[in-house]
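S.K.: fold the following and give me the result.
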Amino acid sequence: MKLQKLINELLDYGLKKNILDERDLVYSTNLLIDIFGIHEFERIPTAPRTVDAILEDLARLAYERNIIASDDFVTFDNFKAKVVDAIIDRPGAVIDKFYRLYEQSPHAATDYLYNLSREVNYIQTKRISQNIIWSHQTEYGEIELTINISKPEKDPRLIALQQLNPKSGYPRCRLCKENEGYRGHVNYDSRSNMRIIPIDLDGERWYFQYSPYSYFAEHSIVLNEHHVPMVINEGTFRKLLAFIDMFPEYFVGSNAGLPIVGGSILDHEHYQAGRCHFPIEKAREIRIGEADGVTVSRLVWPLSTIRARSFSKPALVKFAMKVLARWTEYENFELLLINKPKDIHHTLTPIARRENGAYVLDLILRSNYANDAYPYGVFHPHPQLHHIKKENIGLIEAMGMGILPGRLKKEFALIARYLKGEEELSTDPSLEKHLHWMKQIKETYVPGTDVDQFIRAEAGKVFSAVLKDAGVFKMDPAGGAAFAAFTAELMR
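M.R.: Below you'll find the predicted structure:
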């Protein structure tokens, strides 16, 4: 009877949220009873509950009945996605509805897909709500930070299971269009409950979907139909501008196409977008001039950024290509901006948005040059900062939002106890990487003040230093002069 109640709860949830068409009720019911291997069913009234609670109970029951073999979070998540897929419209119906709504407005279409993604637990709002978020004021403006704990840590049993199961070559990566409807396995997250929308960008077939981790408002992924590497070229600029023509309320940006500075996925061309305003947008501008209908400024921002505005897309693309061409050839040995003869180390991280009818491109200058002193990258977080942020500084971080590892939640809690007097925690193995920092901040901590707020403020200072490490023209007299000279050259 418990299973009957849970299935009815899920069906009623789907009907209430308009996820499940009344005409598909019997069909979806039969899919669900097949998943659970039962042969009888009765419709009974239920009280409303959240989809997360319903799916958790269904997964737990499936484990108890040996329908799934493990209770690790990947197996549970994959099963939940499979179950909820039974009440969702098939991809073609979702695409049709998206474009019917798009005829009303782009906002209506994206609202529909975003809400659907949340309501079917593809975007797991309960987990995301557990993320720790704060802001930090710097000399160049406010930055934002998030300790990302929306994806649970792997337990040893799961790691052992994953090692026993060989990796599959299908889908080729987690961004390929073949993920839609894929059931997943212990080494691969399910995408059964994901729906993606085909779009045209500059004459190419691309796809639009939401990110399950939702680091910011309406965090979405725009992906190439084909599994091709990340690249920054003229087509990139044209496609970014085409996207904001299609969705004018969104920003869209591309990670750079080189290791170290290019984010975590380089083998499948994609962009990130959303209805969100990042700290970089508020950065103070130093006007450089105007040429061919393009107004150009450089930003007072730790990552050296050129901002270009124009009402003309062709003029803006032409200027962006000029910046790219000049930057990929640029060298300044005193500032360690080095291009080896066989390796181009310089590229751009471009971000596009609309502003008062104009097109705006922020072009962030990046370099992945590494040497013996900085094997992770000269313009990568330096080793003394790795205790807070060791990962690549990709698009999101470059715009002023630090995505920090989930381990920091537990580590900050221990550091708080250390600051309040538990000196023995200085020998805790998990805090070894923080020890130099802990001793430093203890000197300025005032007992009795809010220790959590103090630690977050100090972590904000570290992340600000991380961004400065990633900047190619440093925020000092030598860097400022070189940046000014570089941008002045662009206007000739």
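
S.K.: so where's the stretch 251-400 of the chain shaky on pLDDT?
M.R.: For the stretch 251-400 of the chain, the stretches flagged by pLDDT under 70 are 341.

S.K.: in which helix or strand would I find the residue of the chain positioned farthest from its centre?
M.R.: Here the chain reaches farthest from its C-alpha mean at residue 40, the gap being 43.5 Å by C-alpha atoms, centre = their mean. Assigned by DSSP states H and E, residue 40 belongs to no helix or strand.

S.K.: can you give me phi and psi for the closest residue to it other than its chain neighbours?
M.R.: The shortest distance from residue 40 to any non-neighbouring residue, by C-beta to C-beta, 6 or more residues apart in numbering, is to residue 33 (7.9 Å). Quick note: C-beta positions are derived from backbone N, CA and C, even for glycine. Phi and psi for residue 33, reported as degrees, to the nearest 10, are phi -70, psi -30.

S.K.: what's near enough to touch residue 33?
M.R.: By C-beta atoms under 8 Å, 6 or more residues apart in numbering, the contact list for residue 33 reads 7, 39, 40, 41.

S.K.: quick check: the gap between the last one and residue 87.
M.R.: Computed with C-beta to C-beta, to the nearest Å, the distance linking residue 41 and residue 87 is 14 Å.

S.K.: which SSE is residue 328 in?
M.R.: Applying DSSP H and E, one finds residue 328 within helix 313-329.

S.K.: ranges for the helices of the stretch 1-150 of the chain?
M.R.: 2-16, 25-35, 51-64, 73-85, 91-104, 106-119, 125-128 (DSSP state H, counting those that start in this stretch).

S.K.: got the CA positions of the last one in PDB?
M.R.: Yep, that's helix 125-128 we're talking about. Extracted C-alpha coordinates of helix 125-128, given in PDB (Å, rounded to 0.1, in the frame of the first residue of the first chain):
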ATOM      1  CA  THR A 125      16.600  23.300  -5.500                       C
ATOM      2  CA  LYS A 126      16.700  21.700  -2.100                       C
ATOM      3  CA  ARG A 127      20.400  20.800  -2.400                       C
ATOM      4  CA  ILE A 128      21.200  24.200  -4.000                       C
END
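
S.K.: buried residues, it. List them.
M.R.: 127, 128 (16 or more other C-beta atoms under 10 Å).

S.K.: off-centre distance for it?
M.R.: 15 Å (C-alpha atoms, centre = their mean, to the nearest Å).

S.K.: list the contacts for residue 425?
M.R.: 414, 415, 417, 418, 431.

S.K.: got the phi/psi numbers for residue 286?
M.R.: The phi/psi pair for residue 286 (degrees, to the nearest 10) is phi -110, psi 110.

S.K.: from residue 139, how far out is it?
M.R.: 15 Å.

S.K.: looking at those two, which one has more neighbours?
M.R.: Between residue 286 and residue 139, counted using other C-beta atoms under 10 Å, the more crowded position is residue 286 (14 against 8).

S.K.: does that one touch residue 297 like I think?
M.R.: Yes: contact criterion C-beta atoms under 8 Å: residue 286 and residue 297 qualify, at 5.9 Å.

S.K.: buried ones among the contacts of residue 33?
M.R.: The neighbour-count criterion (16+ other C-beta under 10 Å) marks 7, 41 among the contacts of residue 33 as buried.

S.K.: can you give me the helices in the stretch 151-300 of the chain?
M.R.: Under DSSP H, counting those that start in this stretch, the stretch 151-300 of the chain gives helices at 156-164, 234-246.

S.K.: now the last one: mean pLDDT?
M.R.: This points to helix 234-246. For helix 234-246, the mean pLDDT works out to 98.

S.K.: buried set for stretch 222-241?
M.R.: For stretch 222-241, using 16+ other C-beta under 10 Å, the buried residues are 222, 223, 224, 227, 230, 232, 236, 237, 238, 239, 240, 241.

S.K.: tell me, how many residues neighbour the closest residue to the fifth one other than its chain neighbours?
M.R.: In space, residue 230 comes closest to residue 257 once its chain neighbours are excluded; the distance is 4.0 Å by C-beta to C-beta, 6+ apart. Residues within reach of residue 257, counting by other C-beta under 10 Å, total 20.

S.K.: thought residue 257 was touching residue 266?
M.R.: Yes: between residue 257 and residue 266 there is a contact under C-beta under 8 Å: 6.8 Å.

S.K.: who touches both of these two?
M.R.: 229, 230.

S.K.: re earlier: the residue farthest from the centre of the chain and residue 399, how far apart?
M.R.: Taking C-beta to C-beta, one finds residue 40 at 55 Å from residue 399.
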